[in-house]
Structures are given as structure tokens and as C-alpha cells.
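Chemist: Test case, fold it:
(chains A, B, C and D)
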Number of protein chains: 2
Amino acid sequence: MGKTDQLEPPHHCQLCNNRPSSAFRDLNAETLDTVSQLKTCAAFKKGQVMLHEGARPQGVYCIHKGKLKFYRLGSEGKEQIVRFATNGDLVGYRSILSDEPIGASVTALEDTFACYIPKSSFFEVIDQNPKFSLNLLQDSCHELGEAGKMITSLAQKTVRQRLAEIFLVLRATFGEDHEGYLDLKLTREEIANMVGTATESAIRLISELRSEGAIHTAGRRIKIEDPSTLRDLAAVVD
Amino acid sequence: MGKTDQLEPPHHCQLCNNRPSSAFRDLNAETLDTVSQLKTCAAFKKGQVMLHEGARPQGVYCIHKGKLKFYRLGSEGKEQIVRFATNGDLVGYRSILSDEPIGASVTALEDTFACYIPKSSFFEVIDQNPKFSLNLLQDSCHELGEAGKMITSLAQKTVRQRLAEIFLVLRATFGEDHEGYLDLKLTREEIANMVGTATESAIRLISELRSEGAIHTAGRRIKIEDPSTLRDLAAVVD
DNA sequence: AGCCATAAATGATTTTTATCAGGAAGGCTC
DNA sequence: GAGCCTTCCTGATAAAAATCATTTATGGCT
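Modeler: Residues are numbered from 1 along each chain as shown, chains lettered A, B, ... in the order given. Okay, here's the model as predicted:
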């Protein structure tokens, strides 16, 4: 379940376009070869769950192409989106390294291809290549900083401010398509689940931002019209 | 500034009681020796700032004895406490490793003694001892999990629920003194800054919990009378 | 292309939380 | 230990956000 059969031709990590921006960026050719041989390919359709909160993953996924959301289920069963993953990101390593159950479910926001690296191979790479764990360390320290920002934002900003902020964050993370729309489609509910508010509230505030000219929407496609208004609104400090 | 002169006799890391629970837990004798020789001692009085948000630390602190709060300043200048540190915790390494400015200020909640390890020595240890960076990685992955919990809590729970939760978290982190009071004194404002609410709201809700018999307060000293009521209230999932 | 389920939008209302204001108590300094 | 400043507490009010109820629109599917 979850992992489907190989849909993409498996290719060598050495040739992967994502490598420079991934945790594998500094792996030597030899280790890279080991990984390449031990990995398998996995495809996830839009909406499909990659990892389940509370589970014990037996390996990590390296996202080849796609977009995923990480979310925790609150006491009322409401999703709280805590972060995203896309090309080059490693998924599932946190749980394996801290030896704890997975803290957040991971679901594909669009059709996604990933490479699966079994736990044992993953640890092998860590042992063989100290630079690798250092890169992971770097990445997770960066994530910790982002989490701190999110905490402060949730604790101190109004829903309106957080909403404005989220659009800027999404643009920075996923970029824009050729028409200037955010390169990511989310339902209003998912937006609410990021911002930490009720779906209705999110809808109302999105309409407000739209009528104020800060953003433009076409169904689920969202275009940022006026970034500086959003920045002012969000009271972005850093 | 910040770091004061040596007030404690510098002792060898090998003999440090905190070592088993610190990131140095698996260091070999040789590396430990290097660290010991390069570290200096630092003392911080209650209320003194150890690290300033936005700064570039030139080393890391290993807390020998004391308690500190990590906090970010929101747009309105309001403190948001994001986590704590106590005996055996390493402070400042996140910023050094991700090569970013410090994300949160760190201030002593009580008189604190720490060992200061310069950046260069810190990296030396990392290079010499791969197990060390793996431990750090483990710790930061654990922290990431905690941050995710905090995010969900802030986004989905009411202030009342978060307050109940915080008391349980504080007990788990700092324990109780011989009389059963939390071994940590915080102002109502600091509690509000953890929970992410106005000071007045925190005060009101603390009074409620007290009159409901869930907690007992004596000035800034707080005793948990009825953990299960708090757990129910907080709707703790995991 | 049309149908159906799902999502989005909007209004009315309640609940929660913040803000403002004033007074009481506590803790720290001299 | 007197005095003072900070923190704590309480009440009143305002603002923000959640909830509930319906209508309208949309996008996914056959």
C-alpha cells in the first residue's frame, strides 16, 4: 500500500538533476553508486498517502518530482499542515534518525515520483560519508528555524496576517507558473489547515485580499498581485 | 557582554555529570580531552541574555547548570517562547550549523553556568567524531518533532487547552521540587508568552484551573494537583 | 457534455480572546 | 521594614474568529 510499482525508468543518482540541491549534494561517486543500486522507484498519485502519522518507516524517500504536504491530525481530526516537500527533498529521515514514530503524515498534492532508500542503506551512507550526516544536520537545523518562525506567527499574528504571510511563503517555496500563478493548487480547506483557522474564515479573508487587489484568484489558482501589500499586512520581520 | 568571567572552577568534561544525557554522550576520551582544553566557563545571572536573536554566535554553550528560555520577538515586540534549555543541553549550534543568524534569543531564567566552546573547536569535534554529529542530528530531529506538536497545538487548540498542556510539558521537562511544585518559576507574562495569548487571558485561565482544583498556585510557584484533568482538558493525543 | 459530489461562498450568530482600565498584592532595593 | 515598582488580578468592552446553516459554483468523472 502506498508505494506503487515502478512507473518511471530507474536512473542513476549521479545523473539526477535534483542532486545539487538535495542532502546527497556532497556524496562521493562511490557512495552514490551504492545508493543508486539499492534504491527503488515509487510513484504516488495525487491524494495518495506516502507515510502515515505514527508509523515506523523502513526507509526514506527522495522526491524526484512532485509536491507533498506534511500534516498532523489534531484532536478534532483536523489536519494541520506543518510543511511541504518537493523535488530533491528527503522524506522520512527525521523519524528514522530520532527513532520515533512518524510525527506527520505525508500526502502527495500532485502525482509524485520518488526514490525509496531502505533504512539499512540509508545508515550505510551515513557511516560511509560523514559529510552526508552533516548536510542532513544542516538541513534539519534550517527546518528548526523555520518551525520557530511558524510558531511565532501562529501564536502572535491574526489569521489575516498569517494568510498574507502564507501566500508569500508559498511563492518562495514553489514559485510561479508562466502566468504568474502560484505553482501549487490547494483547496481553501488546505489553506485554512496551513494558516490554522476554520475553512470559512480562510475563504472570507481570501475574498477580502482579492477585493483589496493584493491577490487574484481563478478557482484554485492564486496569483500574487501586490507582494508589498502582503508583506506589510503580514508584518514580516525577517 | 553576555559572557561573564569564570565564576566556577573549570572541570574536565570527562567528569561532567551531564555528559551521558548531552550530545557529547558518545565522544571518545581523546576528543573529550580536546574539548575540555578549549572550552571556557561562563556564568549568566538570572535575566541575563546569553544570545541575541539575529546575532552570529562564535561558539556554542553547553549548559552545566541552569535554565534558559529561547524566544523570538514578534512584530509587536512580544516575546514568543519557543523552547527551553537546561543541564546538558547545547545552545547555539543550530545557527552555526545552518550558517544562519540566531533565530531566537536565549535568556537565563535562573543563575546559570555554562561551558563555552568556540566555533572552530566545535567543528573540530564534528570532524574528528562522526558519532557526535549523528547525535546532534538525532537531537535536532527530535526537536523538529516537538516543534511540529507545538505548531499543531497553537493552530488548533484553545488557549485553555494549551495552558493545560503547557503545565504538563513543564513538569515533564523540569520536574517537581520536594513539595511537588514545578521546578521552575515563571511570571504570568512568560506563561502567556509560551501559550501564545495575552497576559490577562493567561491569568484568568490560570485562576480557573486553580478554582477547578487542577492546579495549585503560591505566587509564581505552581503545583499540578490533578494531572489527569489537565490531560483531558488538553486533549493530549500522543 | 452533463452529472454529481465536493468545494466555495455568504449570512447570521455565538464563542473566544484581546484590549483597556483600575486596583491589590507581591517582591526587591535601599 | 518602608517605599516603590512590577506583577497580578478583576471587570467592562470591543474585536476576532468559530460555528451553523444555506446557497452557489466547480471540477472530476463517465
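Chemist: For A:G175, give me phi and psi.
Modeler: With angles defined as degrees, to the nearest 10, A:G175 sits at phi 70, psi -170.
Chemist: whoops, I mixed them up, A:C115
Modeler: phi -100, psi 140.
Chemist: same thing with A:Q138?
Modeler: The phi and psi values for A:Q138, taken as degrees, to the nearest 10, are phi -60, psi -50.
Chemist: neighbours around it, how many?
Modeler: If you count neighbours by other C-beta atoms under 10 Å in any protein chain shown, A:Q138 ends up with 19. Heads up, the C-betas are built off the backbone N, CA and C, glycines and all.
Chemist: What separation is there between it and A:R25?
Modeler: Per C-beta to C-beta, to the nearest Å, A:Q138 is found 10 Å from A:R25.
Chemist: same question, A:L73
Modeler: According to C-beta to C-beta, A:L73 and A:R25 sit 33 Å apart.
Chemist: cool, A:R210 as well?
Modeler: 40 Å.
Chemist: how many other residues sit next to the closest residue to DNA strand D within chain A?
Modeler: In chain A, the residue that lies nearest DNA strand D is A:G219 (2.2 Å; C-beta to the nearest atom of the strand). When neighbours are counted by other C-beta under 10 Å, A:G219 registers 6.
Chemist: what does A:H12 give?
Modeler: 12.
Chemist: ok now do it, which residues does it touch?
Modeler: By C-beta atoms under 8 Å, 6 or more residues apart in numbering or on different chains, A:H12 lies in contact with A:S36.
Chemist: Who has more neighbours out of A:L73 and A:R25?
Modeler: Between A:L73 and A:R25, counted using other C-beta under 10 Å, A:L73 has the larger neighbour count: 16 against 13.
Chemist: Need the residues that contact stretch A:155-167.
Modeler: Against stretch A:155-167 from outside (C-beta under 8 Å, 6+ apart): A:153-154, A:182, A:191, A:194-197, A:201-202, A:205-206, A:208-209, A:214-215, A:222, A:224, A:230-231, A:233-236, B:74-76, B:78, B:80, B:154, B:195-196.
Chemist: Next: stretch A:191-203.
Modeler: Under the contact criterion C-beta under 8 Å, 6+ apart, stretch A:191-203 has outside partners A:71, A:78-81, A:154, A:159, A:162-163, A:166, A:186, A:188-189, A:206, B:154-156.
Chemist: what do you get if the cut-off is 7 Å, keeping everything else the same?
Modeler: For stretch A:191-203, contacts defined as C-beta atoms under 7 Å, 6 or more residues apart in numbering or on different chains pick out A:71, A:78-81, A:154, A:159, A:162-163, A:166, A:188-189, B:154-156.
Chemist: How about stretch A:128-143?
Modeler: Stretch A:128-143 is contacted from outside by A:23, A:25-28, A:31, A:93, A:125-126, B:94, B:97-98, B:100, B:126, B:130, B:133-134, B:136-137, B:140-141, B:144, using C-beta under 7 Å, 6+ apart.
Chemist: what about 6 Å?
Modeler: Stretch A:128-143 is contacted by residues A:23, A:26-27, A:31, A:125-126, B:94, B:97-98, B:130, B:133-134, B:136-137, B:140-141, B:144 when judged by C-beta atoms under 6 Å, 6 or more residues apart in numbering or on different chains.
Chemist: Need the three-state assignment for the residue nearest the centre of chain A.
Modeler: In chain A, the C-alpha nearest the mean C-alpha coordinate belongs to A:F84, at 1.6 Å (C-alpha atoms, centre = their mean). The assignment at A:F84 comes out as strand when based on DSSP: H, G, I helix; E, B strand; the rest coil.
Chemist: And the contacts of stretch A:128-143, which of them are buried?
Modeler: Taking 16 or more other C-beta atoms under 10 Å in any protein chain shown as the criterion, what is buried in the contacts of stretch A:128-143 is A:23, A:27, A:31, A:125-126, B:94, B:97-98, B:130, B:133-134, B:136-137, B:140-141, B:144.
Chemist: wait, is A:M50 part of a helix?
Modeler: No: secondary structure of A:M50 (three-state DSSP): strand, not part of a helix.
Chemist: who's in contact with it?
Modeler: A:44, A:106.
Chemist: Quick one, grab the pLDDT at it.
Modeler: pLDDT recorded at A:M50 is 96.
Chemist: Which helix or strand contains A:E30?
Modeler: Per DSSP states H and E: A:E30 is located in helix A:29-38.
Chemist: Flag every buried residue along that helix.
Modeler: A:31-32, A:34-36, A:38.
Chemist: Same list (those) but as JSON lines, adding pLDDT and distance to DNA strand D.
Modeler: As requested, the buried residues of helix A:29-38 are arranged in JSON lines below (pLDDT from 0 to 100; distance: C-beta to the nearest atom of the strand, whole Å):
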{"residue": "A:T31", "pLDDT": "88", "distance to DNA strand D": "41"}
{"residue": "A:L32", "pLDDT": "89", "distance to DNA strand D": "38"}
{"residue": "A:T34", "pLDDT": "87", "distance to DNA strand D": "39"}
{"residue": "A:V35", "pLDDT": "89", "distance to DNA strand D": "34"}
{"residue": "A:S36", "pLDDT": "91", "distance to DNA strand D": "34"}
{"residue": "A:L38", "pLDDT": "90", "distance to DNA strand D": "34"}
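Chemist: That concludes my questions; thank you for your assistance.
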